[in-house]
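K.L.:
sequence first, then the predicted structure:
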Amino acid sequence: MLAACRALPLPAVPAAAWQPALGRRAALCRPRRALRRPAAGEQAAETAATAEREPEPPSGPPPSNKHVPYRVIAALAAAGVADTAYLTAVKLLHLAPACPLSGGCADILTSDYSNLFGTVPLSAVGLAAYAGVAALAWRGAAATAAGNDAAEAPLRTAVLAGGLALASCSAYLLYVLFTQFPGELCPWCLGSAALSFGIAGAAASGLPRRELEDAAAPGAGVVATTLLLMFLGLGSPNGSAFAGGYDLDYVLPAVTTQSPPEAVALAQRLRDGGARMYGAFWCSHCYDQKQAFGAEAMAAFPYVECYPEGLHKDTKIAEVCAAAPGGLTGFPTWIMPNGEQLIGEQSFAELEAALDKALAANSAAAAAS
């Protein structure tokens with residue numbers, strides 16, 4: 001077969017038939033003209049136009065979704081306002097505070113550590129601080145709700161600074177409580193500390209990491225300034241700047257006022273009727289009550305000292321005070337013949353009315369028996 005194929009002669013194709021076809025193929029295979037490169041100016045213009053059409057992504061970290069919980073902070077600060085307002089009223093009105101967990105809080109809240117620089121009630125300072133933080137938090141909540149970022153931004157820093165100041169103050173006072181009043185509880189002090197730490201934590205939790213890093217140095221300055229103010233205003237727990245402290249020898253302060261006309265007779269009547277005022281030599285309110293009666297009335301004044309051996313770390317309250325009817329929750333405490341207690345300083349009219357009531361009740365009971 002192959003031999004037959006090779007033996008076959010190829011057909012003759014005239015040149016006129018294939019030359020036109022070759023010319024058409026050559027025309028089809030002729031290289032296309034090269035594309036012109038744009039000039040440098042044209043390329044720069046095109047790049048700029050592309051940049052205008054496609055904006056670059058923003059530089060820096062992505063925006064944070066964190067928000068400061070202003071309403072929570074405002075609620076905590078409002079509770080702090082209520083706490084410190086009560087203690088301020090008790091201090092200014094010379095009343096004995098209620099101590100639901102123990103009777104020691106009256107001693108703590110009437111000690112030298114309850115006044116800043118010896119004159120300003122510490123609770124009043126706390127009241128102003130809590131009120132300021134509450135106002136800032138409400139403004140921050142309003143700015144956040146309105147979407148006013150420009151007005152809200154500085155409030156974040158201000159609320160954090162207020163929270164750090166409150167927390168630093170509470171930390172110092174807790175150290176005083178545990179070192180100078182061991183074994184005693186002060187619900188008002190512990191509650192205020194919890195509120196302060198809560199405010200500081202809530203303010204910090206709403207800030208992004210970058211803002212927290214920027215606020216670290218100013219925040220440390222706020223803490224240091226607050227602790228320095230507390231040290232200067234209250235003294236060191238291990239070496240108080242005041243004459244007071246928790247290691248006191250018994251020294252009964254002298255009464256220097258002149259007795260009003262009715263004071264001597266009332267003091268004698270209270271003693272004869274069986275009324276007693278329980279107090280302590282270091283208690284300022286007890287001293288104020290004595291000053292109200294005057295020096296001449298002290299000979300008949302029905303006073304019972306509860307710390308006749310001084311106030312030291314291991315000193316216990318006198319047995320006669322520990323056995324007082326109804327127990328003692330603070331000083332001074334008046335106990336009438338019928339067992340009724342009057343806590344805090346009392347006016348002459350209040351004491352006379354309570355004594356009359358007690359004597360009448362005892363007379364009625366005796367007649368009935």
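P.N.:
Thanks, I have the structure now.
K.L.:
how far off centre is the helix ranked longest in the chain?
P.N.:
If you go by DSSP state H, the chain has its longest helix at helix 149-180. On the basis of Cα atoms, centre = their mean, to the nearest Å, helix 149-180 sits 6 Å off its chain's mean C-alpha point.
K.L.:
mean confidence for it?
P.N.:
Averaged over helix 149-180, pLDDT sits at 90.
K.L.:
which neighbouring elements make contact with that helix?
P.N.:
helix 70-92, helix 122-146, helix 187-205, helix 209-234 (3 or more Cβ pairs under 8 Å, 6 or more residues apart in numbering; DSSP states H and E). For the C-beta atoms, the positions are set from N, CA and C on the backbone; glycine is no exception.
K.L.:
let's see 6 Å
P.N.:
If contacts are counted by 3 or more Cβ pairs under 6 Å, 6 or more residues apart in numbering; DSSP states H and E, helix 149-180 sits against helix 122-146, helix 187-205, helix 209-234.
K.L.:
who touches stretch 140-150?
P.N.:
70-71, 151-152, 155 (Cβ atoms under 6 Å, 6 or more residues apart in numbering).
K.L.:
make it 10 Å
P.N.:
67-74, 151-156, 158-159, 203, 206 (Cβ atoms under 10 Å, 6 or more residues apart in numbering).
K.L.:
that one: which residues count as buried?
P.N.:
Neighbour counts over stretch 140-150 (16 or more other Cβ atoms under 10 Å) mark 140-141, 143-144 as buried.
K.L.:
closest one to Pro337 out of the residues you listed, please.
P.N.:
Pro337 lies nearest to Ala141 out of these, by Cβ to Cβ, at 56.1 Å.
K.L.:
confidence score at that closest one?
P.N.:
On the pLDDT scale, Ala141 gets 92.
K.L.:
pLDDT score for the closest residue to Leu87 other than its chain neighbours?
P.N.:
Leaving aside its sequence neighbours, Leu87 sits nearest to Ser123 (Cβ to Cβ, 6 or more residues apart in numbering; 3.8 Å). Reported pLDDT at Ser123 in the predicted model: 90.
K.L.:
so Ser123 makes contact with Ala89?
P.N.:
Yes. Using Cβ atoms under 10 Å, Ser123 is in contact with Ala89, at 8.8 Å.
K.L.:
and those two? which has more neighbours close in?
P.N.:
Ser123 (24 against 14; other Cβ atoms under 10 Å).
K.L.:
got the contact list for that one?
P.N.:
Contacts of Ser123 (Cβ under 10 Å, 6+ apart): 83-92, 97, 109, 114-116, 188, 192.
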